[in-house]
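J.: Give the three-dimensional model of this entry:
(2 chains)
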Amino acid sequence: MGVEYKAWPFREAQGLLPRFRQHPAAPVAFQTGFGPSGLPHIGTFAEVARTTWVRRAFEHLTHYPTRQIAFSDDMDGLRKVPLNLPNAEMLEAHLGRPLCSIPDPYGCCESYSAHMNGKLREFLSHYGFNYEFQSSNEAYTRGDFDAGLCILLEREAEVKAIVLPTLGEERQADWSPFFPICERCGRVYSTRVLACRPEEHALDYACDRADGRIPSCGHRGTLPITGGRVKVGWKVDWALRWYSYDIAYEMYGKDLIDSAKISGRIVKLMGKRPPHGFYYEMFLDEQGQKISKSVGKGVTVDAWIQYASLESLLFFLYQTPQRQRRLYWDVIPKSVDDYLAELRAYHGAPEEERPNHAIWHIHNMGREVPRFDTSVNYSLINNLIVGIGADEPGLIADFLERYDPSSRNYHATLMDLVAKGLNYYRDFVLPNKHYRRPTENEKRMFGELRERLAAYSGDDEKEMQAMPFEVARANGVEPAALFKAFYEVVFGQERGPRFGTFVKLVGKERAMELLGNAAS
RNA sequence: GGGCGGGUAGCUCAGCCGGUAGAGCAACGGCCUUUUAAGCCGUGGGCCGAGGGUUCGAAUCCCUCCCCGCUCACCA
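T.: Numbers count the residues shown, from 1 in each chain, chains lettered A, B, ... in the order given. Here you go, the predicted model:
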C-alpha cells in the first residue's frame, strides 16, 4: 500500500501487520474486556469504540476478515458489595461466589452477572457497535478453555515462577494459578489448591481460606480442571483467553500495563504469541481523580447524550487516547464545536487525506459522513439561549435560520443541537444564575415599561428599544441602571440582549409576561 | 519505589515526524443614527518548567534535573 496514515488507529493497525504475512485462516480477533460486577460505564464504551477504530483501520489496510469479542468476566467472584446496588444484605451472603451464580440484586435476571451482561449488550447494541458477546462462564462450561487449562496445569510450576514474584509475601505462600469452585458452598475465593494431578487433569483442594467477610466451609475434595469447575486467577485468565481465542489485539487502561506483561509471558509459555497491546490513559474527573466505576460520579454516556450528540462524544474519545484528559461537563460544548468544525473541514480534504481525520473513523470509514455547512455551532446556540432566556426550541431555531439561512438545510441537526443546548442550559447554566428581587422603584419601572409595551401596537425594534430609555428618564434614573436591573431580575445575570431585539425575538406577549412577573 | 502522562497567554488547552508560537474563554478598545450585547471588528498579553546537547536553526529530537497528576506495588 502506498499511503502511510498517521492517525493512531492506523498506527495500531500497522503494528498488527507483521503477524499476518499471509491471508489469515480465521477472522482476526480483537477483544475488549468487561467486569460485570457493575454497570457498564463510559470507560467500557470508550474501549469498545477505540478498538472498533483500530479494527476498521486494519480492515481498510488489509481487507482481512475480523471479529470483535466483548468478553465478560462473569466467573469472577464477588469480593465486596458495590455501594450502588440494591439488596446489599443478600449480596453480602454471596461474597466469594462467582458473579454468575449470585442472584440478580435487581431481581429481574437469572443472575447478578446476567443482569450486568444484559445491560452491556443493550448498551453496546444501542450505540450500533458490531461485536460478539462472550460470557466467561459459558466459555468455561462449554470447554473453550479446556485445552489451555491442561497446558497450564502441566506447567503450573512455571506459571507460578512468573506470577509469584509479583505478589506480596503473604499471598505467595498458598497462591495457585487455579481457583477451584467449592463443590459444597460454591465459593471461589475461599479455596486453596492442595495438589495438582496433571495426568488426571484434576486437582485436590480445600475450602479453608476464609478471608475477611468471605467465609469458607471446610470442604476438601478433588475436581477436574475442565468444564468450568475450576477457573484460573486474574493474569492467568487473561492469558488463557488470548490463548484460546487467538486474540490478536487488545487494549487496556494503563493501570493494567504490568498485568498485561505478566499475561503476555504466560501466553508465551503456553506456546502462543500475546496480542498486540495498547494502553490508554485514564479519564479524570473535575478534581483530577480517576473516574470511578462503582460510584456514579463523572460523565456517563447517557448523560452526554442529553447535552450533545453521540458523535461529539466519539470525537472526544477519539482524541489522544494515550494522554490523560479531564472528562467533565465543561468539555462538552468545546467537543461539540470541535466536532462540527472537523465535519465542515472534512469534505474539503483530499480523498487520500481523509482517513487521517477523526471524522472518517467516527463515521464508518468515511462512508456515512453527514454535512453541516453552516456557521451555526453549539456555542452560538448556547449564547443565544442565555441571551434571550427563552426555552422554546422553535424560537431559537427561527433566529438561527434567519441568522444563517444555510442552516435551514440541516434543520433536524439544528433542532437536535437546540434541544440539547436547552438541556445544557437548564442543568449547568441556570443553576449558576443569581436572580435577585427588584426594589420597589424597579418594580414600578418594570410595570411602566410593560404598560408602554402594551399600549404600543407595532413591533419596530427601534421604537421598542427607546421605551426603557423613556421610562428611566421619566423616573430620573440612569438607563444603564434600569437595564442592569432588568437583566439581574429577569435573566439572573448582569448583561443581556438589546431590549428591542429581545422583544422582537420573543414576542411582545412573552416580554410583557416577563416584565409583569418582574414587577410583582 | 516501579510504570505512565503532563508542565505553552489570567483560565482550559492545541501545536511537538524541527524553521523564531496559536485557539476558545477572560481582559481591554471599537461598531450597529442614545448610554444595555446574545453578535461583529480589533488590541494587549507567553525567555513554550530548569539546565545541557544535536542542528544553520528546537516548544518540537536526545540527556539530566525539578514540579504536578495518575497508576501499580492488596484484588480482579
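J.: hmm, the biggest helix by length in chain A touching RNA strand B?
T.: For chain A, the longest helix by residue count, based on DSSP state H, is helix A:42-62. No - Helix A:42-62 lies out of reach of RNA strand B by Cβ under 7 Å from any atom of the strand, never closer than 11.7 Å. All C-beta atoms are positioned from the backbone trio N, CA, C, and that covers glycine.
J.: Quick one: mean pLDDT over that helix.
T.: If you average the pLDDT over helix A:42-62, you get 94.
J.: Following the chain onward from it, which element is next?
T.: Toward the C-terminus, helix A:42-62 is succeeded by strand A:66-72 as the next helix or strand (DSSP states H and E).
J.: Which positions within the next helix or strand after that next one qualify as buried?
T.: The helix or strand immediately downstream of strand A:66-72 is helix A:88-93, counting by DSSP H and E. Using 16 or more other Cβ atoms under 10 Å as the burial criterion, the residues of helix A:88-93 that qualify are A:90-91.
J.: who touches whatever helix or strand comes next after helix A:88-93?
T.: Using DSSP H and E, the helix or strand that follows helix A:88-93 in sequence is helix A:112-126. Helix A:112-126 has contacts (Cβ atoms under 8 Å, 6 or more residues apart in numbering) with A:34, A:36-40, A:44-45, A:48, A:70, A:72, A:74, A:78, A:91, A:94, A:98-100, A:102-106, A:108-109, A:131, A:133, A:135, A:137, A:301.
J.: just the buried members of those?
T.: Buried among the contacts of helix A:112-126 by 16+ other Cβ under 10 Å: A:34, A:36-40, A:44-45, A:48, A:70, A:72, A:74, A:78, A:91, A:94, A:98-100, A:102-105, A:109, A:131, A:133, A:135, A:137, A:301.
J.: Quick one: name the residues of the stretch 1-150 of chain A near RNA strand B.
T.: So the stretch 1-150 of chain A meets RNA strand B at A:6, A:35, A:73, A:76-77, A:79 (Cβ under 7 Å from any atom of the strand).
J.: List only buried entries from the residues you listed.
T.: The neighbour-count test (16+ other Cβ under 10 Å) applied to these identifies A:73, A:76-77 as buried.
J.: where does the stretch 351-500 of chain A have low pLDDT?
T.: The stretch 351-500 of chain A contains residues with pLDDT under 70 at A:387-390.
J.: Any residues of it in contact with RNA strand B? List them.
T.: So far as Cβ under 7 Å from any atom of the strand goes, the stretch 351-500 of chain A lies against RNA strand B at A:379-380, A:383-384, A:386-388, A:399, A:462, A:465-466, A:469, A:473, A:478-480, A:483, A:487, A:495-500.
J.: Could you rerun that using 6 Å?
T.: Neighbours of RNA strand B within the stretch 351-500 of chain A, by Cβ under 6 Å from any atom of the strand: A:380, A:383-384, A:387, A:465-466, A:469, A:479-480, A:483, A:495-499.
J.: picking that back up, buried set for the longest helix of chain A?
T.: Result for helix A:42-62 [16+ other Cβ under 10 Å]: buried residues A:42-58, A:60-62.
J.: Quick one: distance of it to the chain centre.
T.: 14 Å (Cα atoms, centre = their mean, to the nearest Å).
J.: likewise stretch A:344-353?
T.: 28 Å.
J.: Just the C-alphas of that stretch, formatted as PDB.
T.: Output of stretch A:344-353 as PDB, limited to C-alpha atoms (Å, rounded to 0.1, in the frame of the first residue of the first chain):
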ATOM      1  CA  ARG A 344     -17.000  21.100   7.800                       C
ATOM      2  CA  ALA A 345     -13.400  20.700   7.000                       C
ATOM      3  CA  TYR A 346     -13.700  17.000   6.200                       C
ATOM      4  CA  HIS A 347     -15.500  17.400   2.900                       C
ATOM      5  CA  GLY A 348     -12.800  19.800   1.600                       C
ATOM      6  CA  ALA A 349      -9.900  17.400   2.400                       C
ATOM      7  CA  PRO A 350      -8.400  15.500  -0.400                       C
ATOM      8  CA  GLU A 351      -9.600  11.900  -0.700                       C
ATOM      9  CA  GLU A 352      -6.300  10.300   0.400                       C
ATOM     10  CA  GLU A 353      -6.000  12.500   3.500                       C
END
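J.: now the residues of the stretch 351-500 of chain A next to RNA strand B: which count as buried?
T.: A:380, A:384, A:387, A:465, A:483, A:496-497, A:499.
J.: how about A:M512, secondary structure?
T.: helix (DSSP: H, G, I helix; E, B strand; the rest coil).
J.: Surely it is in contact with A:R452?
T.: No - the criterion here is Cβ atoms under 8 Å, and A:M512 misses it with A:R452 at 10.1 Å.
J.: In the sheet, which residues pair with A:V28? Tell me.
T.: A:T66 (DSSP bridges).
J.: Can you give me the neighbour number for it?
T.: Here the number of neighbours of A:V28 (other Cβ atoms under 10 Å) works out to 21.
J.: That one: what's it in contact with?
T.: Applying Cβ under 8 Å, 6+ apart, we find A:V28 in contact with A:16, A:20, A:58, A:64-67, A:248-249.
J.: Equivalent analysis for A:K272, please.
T.: A:K272 touches A:242-243, A:246, counting by Cβ under 8 Å, 6+ apart.
J.: Which helix or strand contains the nearest residue to A:Y378 once chain neighbours are set aside?
T.: Spatially, and ignoring its direct neighbours in sequence, A:Y378 is nearest to A:V336 (4.1 Å; Cβ to Cβ, 6 or more residues apart in numbering). Using DSSP H and E, A:V336 sits in helix A:332-346.
J.: what residues does that helix touch?
T.: Contacts for helix A:332-346 (Cβ under 8 Å, 6+ apart): A:299, A:304, A:307-309, A:311-313, A:315-316, A:354, A:357-360, A:369-373, A:377-379, A:382, A:417, A:424.
J.: all strands for chain A, in order.
T.: For chain A, the strands defined by DSSP state E cover A:28-34, A:66-72, A:132-135, A:178-180, A:192-197, A:202-206, A:220-224, A:230-232, A:247-253, A:276-280, A:283-284, A:325-326.
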